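J.: got a sequence here, can you build the structure:
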Amino acid sequence: MTLSNPPITLLSNCNVYAPQPLGMQHLLLAGGKLVYMGSDVPSLDTSLTPQCIDLAGATVVPGFIDAHTHITGGGGEAGFATRVPPVPLSQFTSAGVTSVVGLLGTDDLVRNTESVIAQVYALREEGMSAWCYTGGYHLPLTTLTGSVRSDIVFVDPVVGVGELAISDHRSSQPTLDELLKIASEAHVARLMTGKAGIVHLHLGDGERGLELVRRALSDAEIPARTYNPTHVNRRKALFEEACELSKHGCWVDVTAFETGPDGYEPVEALERFMQADLPQDKLTISSDGGGCLPDFDGEGNLTRMDFATSAALSNVFTQLLAAGHSLETFLPFFTSNVASLMNFHHKGRLQTGADADLVVLNEQHQIEHVMGLGRWHVFEQQQVIKGTFES
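T.: Sure thing, here's the model as predicted:
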């Protein structure tokens, strides 16, 4: 069919998972919002001429939220030539990702908070929903205004701190007092703004694991939701620690790429969490898109490097469906759980008033169409909207 991006779109006969299963629904999208969803086709004034698409029972889910992405590029651990370039728009949307949260990692010196914020605004101009963290792996934290609290309070895209590295030979080895001061800044900023106000914690291979977070929870009054560890599937023992922390109110984040012999592959990690007696609303998955995937020997020397993309998210999603897991069981890990953690009230769910971010799946569980803020980014598996410098 001939595709356009008109201001009004009517999608009929959609098998909706919102993420809960709602059955066959009709969706009316206008002004970047989902303005109607129901079992009856809405009646419209004859002066309105929406684009009408019959999805013939295809499955429709909320757009994925990737809350750990190196939007300016990661890397740099094997010299300046290994710095990953900024991630283009299509690498996100082709994977069904309609919202991203950008961050800094090992390189928080050459890259800084200013460059991440600039890339957020660039992605927004290209039609994507984007936010970021302030800070990075190391202390003192790189910020825009001089403090974590004022960055979150006064800079619109900044929603938390991250990724602050612990239990990693590349980290600044933060003390308990240092972590508590950062967490208190983020927590108070959340109270002042309603933003996420989290400390997104990079977990390395160190044997200390999440010990620092457990001490923070026992020694101070800062709520558990403030601490958000990621890469928790990189070691089996670390994953078990993270599962236990989820019982105390921490959201924990699985990374969507292969982890090696000491950890759990992402599908297995999600399966283990689903099958355990754990709070199912406290798990998320992210891609580490744009970030480097280094391997180090026992002396801390780099032995191999690869780079992640958001396609890892959609790959895990497809593998879970192929393994026979019900969509409503794991879909929140990609959508509503992330939205709840990040306080993105108009994201992660298909409901009236939410942003018009959605993914349409074909019969093979592959991504067929992707809509972000009411505009088709991918249609019939073809990239419709590309980034400014994409050919």
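J.: burial of the closest residue to Asp288 other than its chain neighbours, as a residue count?
T.: Leaving aside its sequence neighbours, Asp288 sits nearest to Ala308 (C-beta to C-beta, 6 or more residues apart in numbering; 4.3 Å). The C-beta positions use only the backbone N, C-alpha and C, and glycine is treated the same way. Neighbours of Ala308 under the rule other C-beta atoms under 10 Å: 24.
J.: next: Thr193.
T.: That count, for Thr193 with other C-beta under 10 Å as the rule, works out to 17.
J.: is it true that it touches Ile152?
T.: Yes: the criterion here is C-beta atoms under 8 Å, and Thr193 meets it with Ile152 at 6.3 Å.
J.: just the strands in the stretch 1-150 of the chain please.
T.: 8-17, 21-30, 33-38, 51-54, 59-62, 64-69, 97-102, 129-134 (DSSP state E, counting those that start in this stretch).
J.: go through those strands and find the least confident stretch.
T.: Lowest mean pLDDT of those: strand 51-54, a mean of 94.
J.: and that one, what does it pack against?
T.: strand 8-17 (3 or more C-beta pairs under 8 Å, 6 or more residues apart in numbering; DSSP states H and E).
J.: and the strand it packs on, which strands flank it?
T.: strand 21-30 (antiparallel), strand 51-54 (parallel), strand 59-62 (parallel) (DSSP bridges).
J.: save those strands as CSV, and put in mean neighbour count and distance to Val188 too.
T.: CSV is the format used below for the strands paired with strand 8-17 (neighbours: other C-beta atoms under 10 Å; distance: least, C-beta to C-beta, whole Å):
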stretch, mean neighbour count, distance to Val188
strand 21-30, 18, 37
strand 51-54, 15, 46
strand 59-62, 24, 31
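J.: and for the residue nearest to Ala339 when sequence neighbours are not counted, the neighbour number?
T.: The shortest distance from Ala339 to any non-neighbouring residue, by C-beta to C-beta, 6+ apart, is to Gly348 (2.8 Å). Each residue near Gly348 was counted by other C-beta under 10 Å, and the total is 29.
J.: now the strands paired with strand 8-17 in JSON lines, with distance to Tyr227?
T.: Converted to JSON lines, the strands paired with strand 8-17 look like this (distance: least, C-beta to C-beta, whole Å):
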{"stretch": "strand 21-30", "distance to Tyr227": "32"}
{"stretch": "strand 51-54", "distance to Tyr227": "43"}
{"stretch": "strand 59-62", "distance to Tyr227": "26"}
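J.: can you tell which of those is closest to Ser326?
T.: strand 21-30 (8.5 Å; C-beta to C-beta).
J.: so that closest one versus strand 33-38, what angle?
T.: 130 degrees (axes from the mean of the first three to the mean of the last three C-alpha atoms, to 10 degrees).
J.: and the contacts of strand 21-30?
T.: Identification of contacts with strand 21-30 by C-beta atoms under 8 Å, 6 or more residues apart in numbering yields 7-16, 34-42, 44, 50, 57, 60, 327-328, 350, 356, 358, 371, 374.
J.: hmm, back to that, nearest to Leu320, out of the strands paired with strand 8-17?
T.: Of all the strands paired with strand 8-17, strand 59-62 comes closest under C-beta to C-beta, at 12.4 Å.
J.: got a list of contacts for that closest one?
T.: 11, 14-19, 25, 27, 327, 331, 335-336, 347-350, 354, 357-361.
J.: if we use 6 Å, what do you get?
T.: Strand 59-62 is contacted from outside by 14-17, 331, 335, 348-350, 358-361, using C-beta atoms under 6 Å, 6 or more residues apart in numbering.
J.: let me know the closest of the residues you listed to Ala81.
T.: Val359 (35.7 Å).
J.: the closest one is in contact with Ala95, isn't it?
T.: No: applying C-beta atoms under 6 Å, one finds Val359 not in contact with Ala95, separated by 9.4 Å.
J.: returning to that earlier point: spatially, which two of the contacts of strand 59-62 are the most separated?
T.: Top of the distance list for the contacts of strand 59-62 (C-beta to C-beta): Asn15 and Gly348, 18.5 Å.
J.: so what's Cys292 scoring on pLDDT?
T.: 66.
J.: kindly report the same for the one 4 residues further on.
T.: pLDDT, the model's per-residue confidence, is 59 for Phe296.
J.: what does Gly300 give?
T.: In this prediction, Gly300 carries a pLDDT score of 64.
J.: who's in contact with the host helix or strand of Val254?
T.: Take DSSP states H and E as the rule and Val254 turns out to sit in strand 252-255. Residues from elsewhere that reach strand 252-255 (C-beta under 6 Å, 6+ apart): 229-233, 242, 246, 266, 269, 284-286, 288.
J.: out of these, which is nearest to Phe317?
T.: Ile285 (8.7 Å).
J.: and Trp251, how many neighbours?
T.: What Trp251 shows, counting by other C-beta under 10 Å, is a neighbour count of 28.
J.: which phi and psi does the residue lying closest to it once chain neighbours are set aside have?
T.: Spatial nearest neighbour of Trp251, excluding adjacent residues (C-beta to C-beta, 6+ apart): Leu341 at 4.5 Å. When quoted as degrees, to the nearest 10, the phi and psi of Leu341 stand at phi -60, psi -40.
J.: so Leu341 makes contact with Gly249?
T.: No: the criterion here is C-beta under 6 Å, and Leu341 misses it with Gly249 at 11.2 Å.
J.: more neighbours: which of those two?
T.: For Leu341 and Gly249, the more surrounded residue by other C-beta under 10 Å is Leu341, and the numbers stand at 25 against 14.
J.: picking up where we left off before, which among the contacts of strand 59-62 gets closest to Pro223?
T.: Comparing the contacts of strand 59-62 against Pro223 with C-beta to C-beta places Gly348 closest, at 20.9 Å.
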